[in-house]
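> build me a model:
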Amino acid sequence: MDGRFKLIFLIAVLFMTGLPVLGILRGTDAPPSPPDRDLQSQPSSASETSSEASREVALSGRANEDEMVEIPAGEFILGSNQGGFNEKPAHVAHLDAYWIDRYEVTYQRYMEFVEATGHRQPGPPSRYAEKLGLLRGPHQPITYVSWSDANDYCRWRGKRLPTEQEWEKAMRGTDGRTWPWGEGLSGHPANFAGEADGYVVSAPVGAFPLDQSVFGVYDGAGNVMEWTDNWYVEDLYLQENIATPASNRSPSTYKTMRGSGYTSQGVDIRITNRSFMVPDFRDETIGFRCARSD
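Predicted coordinates:
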């Protein structure tokens with residue numbers, strides 16, 4: 001009996017101490033890639049549990065980072081009556097069909113361009129380089145690039161920068177929603193300010209499954225802000241209601257940026273938010289993606 005008791009006791013100890021180890025090992029498994037979202041389906045609400053499979057695929061870098069998504073021609077709601085002056089008025093606009101990158105351009109893809117062309121390296125003045133090492137993961141979005149850097153990269157790839165109207169439709173869909181997933185900010189649907197989402201700076205592209213539009217375009221609400229092709233016009237929506245590339249008017253002082261980033265919070269994280277900066281500005285919170293006409 002004494003021997004049997006010792007054996008049972010040993011098995012019990014091994015079982016109890018093995019549970020956390022098993023949990024850690026299970027968390028390192030890479031799940032299979034999830035199926036593509038139907039272009040016409042609505043994204044999951046922010047209250048739903050994020051798909052760990054989608055997150056692990058993005059983190060593993062197995063996603064096709066050069067993949068583009070076709071945005072069909074048609075009407076959509078542009079602007080917001082609830083936002084800032086430069087977002088008003090909300091109105092129905094029309095765009096022809098076009099393509100846009102599913103993901104923000106990554107550090108790895110951008111460095112292929114640098115190595116092939118001799119283009120200048122991305123980066124800030126040395127006094128601002130404290131976080132640079134944290135921003136150079138191969139699947140993180142490229143940052144510290146100016147508007148010209150972004151434009152040159154897209155042209156090298158046979159593409160162009162999206163207009164801000166194209167960017168908004170791709171991220172917002174056609175129904176005038178506030179965020180790619182719909183309404184509400186419960187949980188951690190995107191990479192916003194703070195570290196509660198698990199990231200100190202930018203995350204690998206596509207790491208937040210809820211930050212995905214009805215068209216399947218990722219990271220519109222978080223991660224990094226993105227350069228667009230437009231010169232900034234504050235009252236653009238008051239001047240005209242036709243959102244075509246032709247509305248990209250004559251040069252002004254600033255280029256428009258869309259989206260929010262890992263330092264953004266409050267009203268800045270709405271899809272309709274319009275930011276602007278001088279074209280030669282480079283910052284750790286600004287990246288880009290490319291587009292092309294159909």
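> and the longest strand along the chain, what does it pack against?
Using DSSP state E, we find that the single longest strand of the chain is strand 225-231. Strand 225-231 sits against helix 147-156, helix 164-172, strand 255-258, strand 286-287, with contacts defined as 3 or more C-beta pairs under 8 Å, 6 or more residues apart in numbering; DSSP states H and E. For the C-beta atoms, the positions are set from N, CA and C on the backbone; glycine is no exception.
> how about a cut-off of 7 Å?
helix 164-172, strand 255-258, strand 286-287 (3 or more C-beta pairs under 7 Å, 6 or more residues apart in numbering; DSSP states H and E).
> just the strands in the stretch 1-150 of the chain please.
Assignment of strands within the stretch 1-150 of the chain using DSSP state E, counting those that start in this stretch yields the ranges 68-71, 74-78, 91-95, 98-101.
> deepest of those strands, which one?
Stretch with highest mean neighbour count among these: strand 98-101 (a mean of 22; mean count of other C-beta atoms under 10 Å).
> parallel or antiparallel, list what pairs with that strand.
strand 68-71 (antiparallel), strand 291-293 (antiparallel) (DSSP bridges).
> returning to that earlier point: TSV for the helices and strands packed on strand 225-231, including distance to residue 216 and mean neighbour count?
Below are the helices and strands packed on strand 225-231 laid out as TSV (distance: least, C-beta to C-beta, whole Å; neighbours: other C-beta atoms under 10 Å):
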stretch	distance to residue 216	mean neighbour count
helix 164-172	9	27
strand 255-258	18	26
strand 286-287	19	28
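> and residue 121, which of those is closest to it?
strand 286-287 (15.3 Å; C-beta to C-beta).
> which residues sit against that closest one?
Strand 286-287 is contacted from outside by 104-105, 141-143, 145, 224-227, 257, using C-beta atoms under 7 Å, 6 or more residues apart in numbering.
> now the longest strand of the chain, how far from the centre of its chain.
In terms of C-alpha atoms, centre = their mean, to the nearest Å, the centre of strand 225-231 is found 14 Å from the chain centre.
> what strands line up against it, and which way round?
Counting by DSSP bridges, the strands paired with strand 225-231 are strand 255-258 (antiparallel), strand 286-287 (parallel).
> and for residue 276, the neighbour number?
Number of residues near residue 276 (other C-beta atoms under 10 Å) recorded here: 20.
> that one is in what secondary structure piece?
Residue 276 belongs to strand 274-277 when elements are defined using DSSP states H and E.
> packing partners of that strand?
By 3+ C-beta pairs under 7 Å, 6+ apart, strand 274-277 packs against strand 255-258.
> follow-up on the earlier one: please tabulate the contacts of strand 286-287 in JSON lines, including the columns pLDDT.
Shown next, in JSON lines, are these (pLDDT from 0 to 100):
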{"residue": "104", "pLDDT": "98"}
{"residue": "105", "pLDDT": "98"}
{"residue": "141", "pLDDT": "97"}
{"residue": "142", "pLDDT": "97"}
{"residue": "143", "pLDDT": "95"}
{"residue": "145", "pLDDT": "96"}
{"residue": "224", "pLDDT": "97"}
{"residue": "225", "pLDDT": "97"}
{"residue": "226", "pLDDT": "98"}
{"residue": "227", "pLDDT": "99"}
{"residue": "257", "pLDDT": "97"}
